[in-house]
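A.B. asks: Predicted model, plus sequence, below.
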Amino acid sequence: MKNISILGSTGSIGKQTLDVVREHKDRFRIVGLSTNTNIELLRKQIKEFKPVAVCVGDNAKAEELGLLPNEIEVFLGMEGIGRIASLDEADTVVNSLVGSVGILPTIEAIRHNKDIAMANKETLVTAGSIVMKEAKKYGVKFIPIDSEHNAMLQCLKGERIEDIRRIVITCSGGPFRNLSNEELQNVKVKDALNHPTWSMGAKITVDCATLMNKGFEVIETHWLYGIPYERIEVVIHPESIIHSMVEFSDRSVIAQMSLPDMKLPIQYALSYPDRIENGFSSLDFARLKGLTFDMPDTERFSCLRIAYGAGIKGGTLPAVLNAANEVAVRYFLENKITFPDIPRIVQSAIEKHNPIKNPELDEILEIDRKTMKDVEKDILIMKIR
């Protein structure tokens, strides 16, 4: 029996994690849950899974939770999320938070010897060197939930890292891959949220549309597997059947394939290194019309190029990349900026930043905070003009 805490249990990944647990109650037990504001759903999750503790991130919403059984502890705010991440009862912490808010709870979990099932990509993008150093120091497993990195993990099982020639990350291309620059000027939020193959939360879905999500995954791959950026490639694969490929020194390529369903990588992250039966649909190769590949257009979708540049230069630039993107996507979702404004805002923030080469965690967190504040001011000025 593996005991699990979920940070962000009412979000897309959190809910799908509970779907997996629901199907395998003989293997997994929920001990901790957290939400920011979705009290109604959290209350239902508490009733079904009976955790020992829960957290409400938004203090003002906490009183809506009402009375709970005495044996369930209730924590609040960021400190409370850290408590859920470090529960004595937990073996594994699923981090499905959105944004850089996931950094500190991840480190808290690692320092309390919890294995990490990671869906919060911003943690590695912003503070990858520090987080991976801590994971190694404490000897915890760091298992990616992202379908692409989970696929890499499966491709590399039993292989030597030094035999990797390159890693190829696949990308659906998002809903706008065939649009011109002129057409991109007029896309709406509802269009960006209409992903062709995956069902995800709003922020990551917009990141997929801009290809920033793929840029983040390049940086994550670098930190997870120690691969230089020049040996990490992105290819457009609209069918989303192959999730990543690894080419080895002898030019052999191993690819991980499955239907696009996030519950599969979630299950593998929870059961790792074992595989367990499930009721998911199998690939029907006779019905596949084909698997196609293309190179990404980094002129129309410059977020991918910007992310590569920030990752290669390193230091605090990826933190600026992430923070600026987080703010820009939020403003886009609120219909306050256009879709092409997102890469422009991110590029501007990077150009204004004076990077620190080997930052401490406090410096990264301060730069994250300051960048968000500065970008908000810049957007306001831009709107006034």
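C.D. replies: On my side now, so go ahead.
A.B. asks: nearest spatial neighbour of residue 353, skipping sequence neighbours?
C.D. replies: residue 320 (4.7 Å; Cβ to Cβ, 6 or more residues apart in numbering). No exception for glycine: its C-beta is placed from N, CA and C like everyone else's.
A.B. asks: my guess is the one you found is in a helix, correct?
C.D. replies: Yes - according to DSSP: H, G, I helix; E, B strand; the rest coil, residue 320 belongs to a helix.
A.B. asks: for it, what are its contacts?
C.D. replies: When contacts are counted by Cβ atoms under 8 Å, 6 or more residues apart in numbering, residue 320 touches 310, 349, 350, 353, 355, 367, 371.
A.B. asks: What lies in contact with whichever strand or helix holds residue 94?
C.D. replies: In this structure, residue 94 sits in strand 92-95 according to DSSP states H and E. Residues outside strand 92-95 that contact it (Cβ under 8 Å, 6+ apart) are 2-8, 13-14, 17, 32, 84-85, 102, 105-106, 109, 114-120, 123, 145, 266, 269-270.
A.B. asks: returning to that earlier point: tell me which of the contacts of residue 320 fall in helices.
C.D. replies: Among the contacts of residue 320, DSSP state H puts 310, 349, 350, 367, 371 in helices.
A.B. asks: Scan those residues and report the most crowded one.
C.D. replies: Neighbour counts for the ones in helices among the contacts of residue 320 were taken using other Cβ atoms under 10 Å; the highest belongs to residue 310, with 27 neighbours.
A.B. asks: Now do that residue against residue 190, distance only.
C.D. replies: As for residue 310, its distance to residue 190 is 29 Å (criterion: Cβ to Cβ, to the nearest Å).
A.B. asks: again with residue 264
C.D. replies: 28 Å.
A.B. asks: Compare these two and say which is more crowded by neighbours.
C.D. replies: With neighbours defined as other Cβ under 10 Å, residue 264 and residue 190 compare such that residue 264 has more, 21 against 7.
A.B. asks: SS state for that one?
C.D. replies: Under three-state DSSP, residue 264 comes out as helix.
A.B. asks: who's in contact with it?
C.D. replies: With Cβ under 8 Å, 6+ apart, residue 264 has these contacts: 147, 258, 278, 280.
A.B. asks: what's the most distant pair in those?
C.D. replies: Using Cβ to Cβ, the contacts of residue 264 span at most 15.3 Å, a distance reached by 147 and 278.
A.B. asks: quick one, which of the two is more surrounded?
C.D. replies: Between residue 147 and residue 278, counted using other Cβ under 10 Å, residue 147 has the larger neighbour count: 23 against 14.
A.B. asks: The more buried one: what's it in contact with?
C.D. replies: 243, 260, 262, 264, 265.
A.B. asks: measure the closest residue to the second one other than its chain neighbours to residue 62 for me?
C.D. replies: Using Cβ to Cβ, 6+ apart and skipping the chain neighbours, the partner closest in space to residue 260 is residue 240 (4.3 Å). The span separating residue 240 from residue 62 equals 39 Å under the rule Cβ to Cβ.
A.B. asks: thinking again about what came up before, let me have the contacts of residue 320 in CSV, extended by pLDDT and distance to residue 181.
C.D. replies: Formatted as CSV, these follow (pLDDT from 0 to 100; distance: Cβ to Cβ, whole Å):
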residue, pLDDT, distance to residue 181
310, 98, 23
349, 97, 22
350, 97, 21
353, 97, 26
355, 95, 30
367, 97, 31
371, 97, 27
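A.B. asks: Can you add distance to residue 91 and give those back as JSON lines?
C.D. replies: Below are the contacts of residue 320 laid out as JSON lines (distance: Cβ to Cβ, whole Å):
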{"residue": "310", "distance to residue 91": "34"}
{"residue": "349", "distance to residue 91": "39"}
{"residue": "350", "distance to residue 91": "39"}
{"residue": "353", "distance to residue 91": "39"}
{"residue": "355", "distance to residue 91": "38"}
{"residue": "367", "distance to residue 91": "33"}
{"residue": "371", "distance to residue 91": "35"}
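A.B. asks: before we move on, the earlier item: now tabulate the contacts of residue 264 in TSV and tack on distance to residue 131.
C.D. replies: Shown next, in TSV, are the contacts of residue 264 (distance: Cβ to Cβ, whole Å):
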residue	distance to residue 131
147	20
258	27
278	30
280	30
